[in-house]
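Sequence first, then the predicted structure, then my questions.
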Amino acid sequence: MDQTTRVQSLLAGVRAGNRDDWESLFEIVYADLRRIARAHLRGRQTGTLGTTAVVNEAYLRLAGPNAGPWQDRAHFLAVASRAMRQILVDNARRKLALRRGGGASAVELQDHHAAEAPDVEEILGLDEALTQLATLSERLAKVVELRFFGDLSVEETAEVLGVNERTVRRDWRKARSFLHERLREI
């Protein structure tokens with residue numbers, strides 16, 4: 001059985017409530033989850049949250065009572081990426097509350113992430129800009145989540161969204177342009 005078929009089978013087991021299938025699924029996609037976490041962290045630890053901590057937190061959220069019926073591997077990874085983003089945003093908000101600071105700086109959106117660690121203001125500024133984008137176009141926001149945060153390829157993003165690759169490339173350009181403008185204002 002190839003890995004794609006195995007993941008599909010495990011996802012069906014997870015939907016049926018089989019805890020052993022959830023554990024097996026997590027083992028199979030663990031390397032993908034670490035890759036996504038590294039993309040979120042841009043290769044560096046942010047305080048107490050390193051790659052392993054983010055993956056473990058995402059695991060707890062994904063395995064919880066609100067675990068969703070994932071359609072396939074790409075959909076599961078997209079949901080995991082969103083959970084990781086929320087973990088980092090929540091952590092950034094806690095840090096900001098502790099510092100009682102404010103202000104946000106721009107973060108550069110590129111296909112490949114810079115090697116520097118995101119800071120609290122970057123995370124919150126990008127989250128705010130992405131929330132604004134979602135009010136205008138949910139699909140553009142999802143493209144950013146999948147490509148930038150989820151580190152999914154154009155092909156994988158197209159599969160998750162049910163659109164063609166050309167649409168993903170066009171949406172990616174539009175979303176990046178919008179976010180660059182908003183991040184300059186913040």
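Here it is on my side, so go on. Numbering: from 1, shown residues only.

rest of the way, CA atoms for contacts and neighbours
Will do.

Name the single longest helix found in the chain.
helix 73-99 (DSSP state H).

Would you state the helices of this structure in chain order?
3-15, 19-41, 51-62, 73-99, 120-136, 138-144, 154-161, 165-185.

Neighbours of Lys174, how many?
If you count neighbours by other C-alpha atoms under 10 Å, Lys174 ends up with 12.

Now do the contacts for it.
Leu140 (C-alpha atoms under 8 Å, 6 or more residues apart in numbering).

ok, now how distant is it from Ser137?
Taking C-alpha to C-alpha, to the nearest Å as the criterion, Lys174 is separated from Ser137 by 10 Å.

any weak-confidence spans in this structure?
For the chain, the stretches flagged by pLDDT under 70 are 1, 43-48, 64-68, 98-119, 186.

Tell me which residue is most central in it.
For the chain, Ser81 is the residue whose C-alpha lies nearest the centre (C-alpha atoms, centre = their mean; 2.6 Å).

got the contact list for stretch 129-142?
With contact meaning C-alpha under 8 Å, 6+ apart, stretch 129-142 is reached by 161, 171-172, 174-175, 178-179, 182-183.

Could you pull up the residues touching Pro69?
Residues counted as contacts of Pro69 (C-alpha under 8 Å, 6+ apart) are 11, 15.

switch to 10 Å and redo it
Residues near Pro69 by C-alpha atoms under 10 Å, 6 or more residues apart in numbering: 11-12, 14-16, 75-76.

right, and the pair among these with maximum separation?
For the contacts of Pro69, the farthest-apart pair by C-alpha to C-alpha is Ala16 and His75; their separation is 17.4 Å.

Which one's more surrounded, these two?
Ranked by neighbour count (other C-alpha under 10 Å), Ala16 and His75 place His75 first, with 18 against 11.
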